[in-house]
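Enquirer: With the sequence up front, the predicted model follows.
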Amino acid sequence: MALILVDTNLLVYAVDASSPFHDAARTWLEDRLNGRGGVGLPWQVLNGFARLVSNPRISPRPMSTGEAWSVVEEWLALDATFTPEPTPRHREIVAGLMPRVTRADLIPDAHLAALAMEYGLVLCSTDADFDRFPGLSWTNPLAE
């Protein structure tokens, strides 16, 4: 099984029972978290998850921030997870990706893409915007 980096949207779908993607995302995430492959959960992704699932303007049934962070802590306690940090190459990789960033909201995507590239991870997301980054290995596990 390939080592992966998980995007925020998959974590939100896996926890949000009102999402039409909930069952598929939950099953996929549980399989990965209970498997042998490494699951990269960057701080940007974990913070984004906690922010989204605890925001009443976004989530129909928001968790408290404490509940959201408890979920994060549960994930981080698993043997399969790790939090990839930028390496000395990060700046150079992001700089190479920035010409493909045509909107401000894609800047975090460039950061995640760079992390995945630094560590040789497959980025898992439902966001097709990652297709814009040459050299990035990514997949939408819910479309497989």
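Expert: Arrived safely. Since this is a predicted model, take the numbers as computed values, not measurements.
Enquirer: Roughly how far does residue 56 sit from residue 20?
Expert: As judged by C-beta to C-beta, to the nearest Å, residue 56 and residue 20 stand 20 Å apart. Where you see a C-beta, it was placed from the backbone N, CA and C, and this is true even at glycine.
Enquirer: scratch that, residue 96 is what I was asking about
Expert: 36 Å.
Enquirer: who's more crowded, these two?
Expert: The neighbour count for residue 96 versus residue 20, taken as other C-beta atoms under 10 Å, is higher for residue 96 (15 against 9).
Enquirer: pretty sure the more buried one belongs to a helix, no?
Expert: Yes. Assigned with DSSP: H, G, I helix; E, B strand; the rest coil, residue 96 falls within a helix.
Enquirer: need the strands for the chain, in chain order.
Expert: Using DSSP state E, the strands assigned to the chain run over residues 4-6, 39-40, 81-82, 122-124, 138-139.
Enquirer: want to try JSON lines for those, with distance to residue 48 and mean pLDDT as columns?
Expert: Output for those, formatted as JSON lines (distance: least, C-beta to C-beta, whole Å; pLDDT from 0 to 100):
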{"stretch": "strand 4-6", "distance to residue 48": "11", "mean pLDDT": "99"}
{"stretch": "strand 39-40", "distance to residue 48": "14", "mean pLDDT": "98"}
{"stretch": "strand 81-82", "distance to residue 48": "16", "mean pLDDT": "97"}
{"stretch": "strand 122-124", "distance to residue 48": "14", "mean pLDDT": "98"}
{"stretch": "strand 138-139", "distance to residue 48": "17", "mean pLDDT": "98"}
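Enquirer: In contact with residue 6, which residues are there?
Expert: 29, 32, 39-41, 45, 124-125 (C-beta atoms under 8 Å, 6 or more residues apart in numbering).
Enquirer: Please name the bridge partners of it.
Expert: The bridge-partner assignment for residue 6, based on DSSP bridges, gives residue 124.
Enquirer: any idea how far residue 128 is from it?
Expert: Distance from residue 6 to residue 128, by C-beta to C-beta: 16 Å.
Enquirer: where in this protein is pLDDT low?
Expert: For the chain, applying pLDDT under 70 flags the ranges 1.
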